[in-house]
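Engineer: just a sequence and a predicted model for now, questions to come.
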Amino acid sequence: MPLKTKQNLLIPIVWFCCSFLLNAQSFTVNKPIKLVLHWVPQAQFAGYYVALEKGIYQKFGLDLRIITGGPNVSVNDCVTSGRAEFGTYFLLNATKLAAQGIPLINIAQLSRRSALILVAKKSSGILKPDDLNDRKIGLYQEEFSDIPLAFIKNNSLDVNIIPIATGIHIFLHGGTDVTNVMWYNEYHTILNCGYNPDELTTFYMSDYGFNVPEDGIYCLRSTYDANPEVCKRFVEATMEGWRYAFDHPVEALNIVIGEMKEAHIPANLAHQQWMLARMQDIILPNGQTEFTTYLTPDAYEMSGKILIENGSVKTVTSFENFYVPVGKYAEK
């Protein structure tokens, strides 16, 4: 074959490679992308912070900025206004927002099991669901309350609901008999306050037919349609960040503690160590070693059913319109 013909064949290949690199570079330099997290810096989000600190997002051609979440930051406002391209939501909350007409889609379901618990002191005489009758149950609002309310209804319980904003102080001081907590967070705080596990009664919602996973990555449908490749790279870089965090927990915790200090958040290493270990149990349950970001139809159906039966929504959007499998970790 003449050399000239070989050169002609190489031109489109070289052009394609250069074009890809230029697009990645222009995206990095000219178009930073933003992720808003749904709470303050802590090990719950270690994978994102590690991927940023270790240059993993940059390796994937992404110039990522993280918007610190918290009680005064609305993830949904950031995402719908365009202030952030990506946001983390609980599945239940995202299902509700999509049902209300917000074109939100799940592009990666990170958590694989629910971390929501109702906890009581055994000294109160609460050992089984029926013992909750006529008791005061402290419930966080918004996405934390729908599943406990479904649990209460499913067990035909007559309880007194005490709305609480945050924390476990009311429970510790006897203001409520039961409170809802997250396994990776407030439950460990209760243990740190002097209670042994055998002094507590725990109702894991996942054990009572309400195993709705929480943390996932979301964006607007228009964001995905405009640049699916960026969504793919973002998800795959994030999962690489989680892999690094689980494989290098000491380094990951140092990164998380640094983020917490920068945000002026009280940082307790032992608590963050517990949280990172529980996040591994949630993202890679039952000793699993391979990541998956696939949202199962069953989990979504359960989420919708809870919301409808609680009267939070009348109907939910179809699974096909809510979930878009993105990247290599989205296999069933």
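Structural biologist: On my side now, so go ahead.
Engineer: from here on, just use CA atoms for contacts and neighbour counts.
Structural biologist: OK.
Engineer: how far off centre is stretch 112-119?
Structural biologist: 13 Å (CA atoms, centre = their mean, to the nearest Å).
Engineer: how about residues contacting it?
Structural biologist: For stretch 112-119, the external contacting residues (CA atoms under 8 Å, 6 or more residues apart in numbering) are 144, 148, 178-184, 187, 200-206, 210-214, 282-285.
Engineer: stretch 292-309 now?
Structural biologist: Residues contacting stretch 292-309 (CA under 8 Å, 6+ apart): 91-92, 95-96, 107-110, 146-147, 150, 210-213, 313-316, 319, 323, 325, 329-332.
Engineer: could you look up the SS state of Ile152?
Structural biologist: helix (DSSP: H, G, I helix; E, B strand; the rest coil).
Engineer: report the contact partners of it.
Structural biologist: Asp158, Val159 are the contacts of Ile152 under CA under 8 Å, 6+ apart.
Engineer: could you give the number of residues near Thr202?
Structural biologist: Other residues near Thr202 come to 23 when the count uses other CA atoms under 10 Å.
Engineer: so what's it closest to, chain neighbours aside?
Structural biologist: Among residues not flanking Thr202 along the chain, Val119 sits closest, at 4.6 Å (CA to CA, 6 or more residues apart in numbering).
Engineer: SS state for Ile282?
Structural biologist: Going by three-state DSSP: Ile282 is helix.
Engineer: picking up where we left off before, and for the residue nearest to Thr202, the neighbour number?
Structural biologist: Around Val119 there are 24 other residues, counting by other CA under 10 Å.
Engineer: which of the contacts of stretch 292-309 are buried?
Structural biologist: Those of the contacts of stretch 292-309 that meet the buried threshold are 91-92, 95-96, 107-110, 146-147, 150, 210-213, 313, 316, 319, 323, 325, 329-330, by 16 or more other CA atoms under 10 Å.
Engineer: re the thing from before, sheet-wise, list the partners of whichever strand or helix holds the residue nearest to Thr202 with their directions.
Structural biologist: Using DSSP states H and E, Val119 maps to strand 116-121. With DSSP bridges as the test, strand 116-121 is paired with strand 178-182 (antiparallel), strand 200-204 (antiparallel).
Engineer: which of the ones you listed is buried the deepest?
Structural biologist: strand 178-182 (a mean of 25; mean count of other CA atoms under 10 Å).
Engineer: may I have that strand as CSV, with CA atoms only?
Structural biologist: Below are the C-alpha coordinates for strand 178-182, written out as CSV (Å, rounded to 0.1, in the frame of the first residue of the first chain):
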residue,chain,number,x,y,z
VAL,A,178,-37.6,6.6,70.1
THR,A,179,-35.7,8.6,67.4
ASN,A,180,-34.7,8.0,63.8
VAL,A,181,-31.0,7.9,63.1
MET,A,182,-28.7,7.0,60.3
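Engineer: downstream of that strand, the next helix or strand is which one?
Structural biologist: helix 186-192.
Engineer: in terms of secondary structure, what does that next one contact?
Structural biologist: For helix 186-192, the contact count by 3 or more CA pairs under 8 Å, 6 or more residues apart in numbering; DSSP states H and E identifies helix 269-283 as packing neighbours.
Engineer: buried sites along the next helix or strand along the chain from the helix it packs on?
Structural biologist: Scanning forward in sequence from helix 269-283 by DSSP H and E, the next helix or strand is helix 297-309. The neighbour-count check on helix 297-309 (16+ other CA under 10 Å) flags Ala299, Tyr300, Met302, Ser303, Gly304, Lys305, Ile306, Leu307 as buried.
Engineer: circling back to that earlier point, which one, of the strands paired with strand 116-121, ends up nearest to Trp39?
Structural biologist: Nearest to Trp39 among those is strand 178-182; the distance by CA to CA comes to 13.1 Å.
Engineer: report the angle between the axes of that closest one and helix 269-283?
Structural biologist: Counting by axes from the mean of the first three to the mean of the last three CA atoms, to 10 degrees, strand 178-182 lies at 80 degrees to helix 269-283.
Engineer: what about strand 178-182, average pLDDT?
Structural biologist: Mean per-residue pLDDT for strand 178-182: 96.
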